[in-house]
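> I'd like to go over a predicted model; first the sequence, then the structure.
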Amino acid sequence: MIKPMNFPVISIVVPMYNVESYIGDCIQSILKQTFQQFEIICVNDGCTDNTLAVLSQFEDNRIRVVSQKNQGLSAARNTGINLCRGLYIALLDSDDFWAPEKLITHYQHLSQNINIGVSYSASLFVDEAGQEIGIGQHPQINNINPETILCRNPVGNGSAAVIRASLFRDVAHVRWIGGERRRCYFDENMRQSEDVEFWLRVALTTDWVFSGIEKPLNYYRVNNQGLSANVENQLSAWQYGINKNRAGNEAFFKRWYPLAKAYQLRYLARRAIHSGEGISALKLVNQALLSSSVMLIQEPGRTALTYLCALLSLLPRKAYHALETAAIRAGLKQESTA
């Protein structure tokens, strides 16, 4: 049963840090949703640009703005989640945006399946101007287990999921910061791969079901200057998340860690390719194959294509982009999370 209009059904948390070029598209995509029973909690994580000025142009009483000193994405999300009043919580990174039917689709998915804790959709990638670049994330949507989360991260990115609010209570931990009690969900020590660590912790410690929606409902901005571009730091953060969850799950990680690392290294090789770092990409692909040959058996085509793209990325950028564009137009590239 839908709650009265004065009470939000879905709370949307939008962390913000110096996103004056993107926050308008982000908020506009929320306000254009076909499902309108929501609140928007924008967390100003110490912006120093004109983000707040752009945001102030939206006159909608469902938008709340809270400010804090810069603490990173995880801390901003935690601040927002602690203020949520809805039955479901959606996270939307401020440089991404949604299709108009995003919320209604997830609302129906969650309300009709009480065992689902995380409902996520496929995503399309866009460039810095918000234009589709022909690739996306089309992950596995059913039969998700902890090894699926570890090896393939089907949720994909931080803007793809709508989550049952009660799930957060199940995985919360308390930190004392400056003498104040703070409930945390995402690990505030992490500046990258915090999504993967969170999904893995949910999968390992709760009975909530992960279930996907095949239709792309999220537009994920590929920004070579952003957090996702720094492959070395991202690998270190991913490893931190693995180590954090090893206790009590030694047998699980002994079995699945080599394959998971292979997929993670292949994913980072793709990020390096998009950043024009061909040598780094080749190194990462080789490390992936050394970690586990099972990846090559499971996905020979995708792995071979990644290796080929790494080799081609050693060409001058103009030549590589011409080949990449041709491959996209021919339908040869379908990006996944790994």
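Right, received. Where do you want to start?
> remind me, longest strand of this structure?
Identified as the longest strand of the chain according to DSSP state E is strand 209-221.
> average pLDDT for it?
The predicted model gives strand 209-221 an average pLDDT of 97.
> domains in the protein, as residue ranges please.
The chain breaks down by automatic domain parsing into domains covering 10-234, 246-338.
> Tell me which of those sits most buried.
domain 10-234 (a mean of 19; mean count of other Cβ atoms under 10 Å). All C-beta spots, glycine's among them, are computed from the backbone N, C-alpha and C.
> which ones are touching Phe38?
With contact set as Cβ atoms under 8 Å, 6 or more residues apart in numbering, Phe38 has these partners: 8-12, 30, 62, 86, 90, 103.
> Tell me what the closest residue to it other than its chain neighbours is bridged to.
With sequence-adjacent residues excluded and distances taken as Cβ to Cβ, 6 or more residues apart in numbering, Phe38 is closest to Ile10, at 4.5 Å. Here Ile10 sits in beta bridges with Phe38, Tyr88, going by DSSP bridges.
> Past the helix or strand hosting Tyr263, which element shows up next along the chain?
Using DSSP states H and E, Tyr263 sits in helix 250-274. Downstream of helix 250-274, the next assigned helix or strand under DSSP H and E is helix 278-291.
> Can you show me the strands along the chain?
Ranges of strands within the chain are 10-16, 38-45, 63-68, 88-91, 97-98, 116-126, 132-137, 161-164, 173-177, 180-184, 209-221, based on DSSP E.
> Turn these into TSV, including distance to Ala304.
Shown next, in TSV, are the strands of the chain (distance: least, Cβ to Cβ, whole Å):
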stretch	distance to Ala304
strand 10-16	37
strand 38-45	41
strand 63-68	46
strand 88-91	34
strand 97-98	33
strand 116-126	21
strand 132-137	17
strand 161-164	31
strand 173-177	42
strand 180-184	42
strand 209-221	25
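> Asn145 is nearest to which of the ones you listed?
Smallest distance to Asn145 across these (Cβ to Cβ): 8.6 Å, for strand 209-221.
> Does anything pack onto the closest one? Which helices or strands?
Helices and strands touching strand 209-221, by 3 or more Cβ pairs under 8 Å, 6 or more residues apart in numbering; DSSP states H and E, are strand 97-98, helix 102-111, strand 116-126, strand 132-137, helix 194-205.
> Can you check what angle separates the longest one from strand 173-177?
To tie it back to what came earlier, the one meant is helix 194-205. With axes from the mean of the first three to the mean of the last three Cα atoms, to 10 degrees applied, the angle from helix 194-205 to strand 173-177 works out at 130 degrees.
> And helix 194-205, what does it pack against?
Contact partners of helix 194-205 among helices and strands, from 3+ Cβ pairs under 8 Å, 6+ apart: strand 116-126, helix 146-152, helix 165-171, strand 209-221, helix 231-244.
> average pLDDT for that helix?
96.
> what is the orientation angle of it with helix 250-274?
Between the axis of helix 194-205 and that of helix 250-274 there is an angle of 160 degrees, by the same axes, to 10 degrees.
> Same check on the fourth one?
Direction vectors for strand 132-137 and helix 250-274, defined by the same axes, to 10 degrees, enclose an angle of 170 degrees.
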